[in-house]
Each structure stands twice: as C-alpha cells, then as structure tokens.
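Undergrad: here is a sequence with its predicted model. Questions after.
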Amino acid sequence: MLLDELGYVALDARGAELLFQILTEREERSSVATASNLPFSEWGKVISDARLVAAIIDRLTFNAQIIETGTDSYRLRSTKAKRAAKS
C-alpha cells in the first residue's frame, strides 16, 4: 500500500481513525510506503488528536526504513532543469 501526499489535506476525526485502523490491520503483515512533505513534528497540524497522531506515527515507524529526501520539490527542480536546458 502506498500513501502519497500524507498531510497535504487535513484529516477529520473519522478520517484519522480510519487511517489508524488501516495501519493497525497491515502492521507486521504487509508493507506500507508513505510520502509526505511534513516532518512528523508537524502532523498535529493535519490530525487534531495528538494521541492519534502519536499512535499513527508509532505504527508507521515501527521496523521502518525512513528515507528523507529533503524539502525541495522534485517536480519544481525538474521543471527548472528542463527550462534551463532549453535556454
């Protein structure tokens, strides 16, 4: 399962609960890949329940391989490179 742009749109209470349930069901059964522009410290901005944020992060990071790619947008960098190549 792949969760892309996690944190781009705020989750209401029900959405956050469903995400937690999905992650709990998949825990130690199959992989979950997640992409987000937000560091974990800012997830409280998109999920209002602090305990639920902690539980979601706990499940996502348990036995996880975390890859940080930086804060620059790949799409923006690629577009700028293409424009520079045309000039």
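TA: Sure thing, it's come through.

Undergrad: distance of Met1 relative to Leu38?
TA: For Met1, the distance to Leu38 (C-beta to C-beta, to the nearest Å) stands at 19 Å. Every residue, glycine included, has its C-beta placed from N, CA and C.

Undergrad: near the closest residue to Leu6 other than its chain neighbours, how many other residues are there?
TA: Leaving aside its sequence neighbours, Leu6 sits nearest to Ser36 (C-beta to C-beta, 6 or more residues apart in numbering; 4.3 Å). Applying other C-beta atoms under 10 Å, we find 16 residues neighbouring Ser36.

Undergrad: please apply the same query to Leu6.
TA: With other C-beta under 10 Å as criterion, Leu6 counts 19.

Undergrad: that one: which element?
TA: Following DSSP states H and E, one finds Leu6 outside all helices and strands.

Undergrad: pick out whichever of Met1 and Leu38 has more residues nearby.
TA: Counted by other C-beta under 10 Å, Met1 and Leu38 do not tie: Leu38 has more neighbours, with 14 against 10.

Undergrad: no further questions, thank you.
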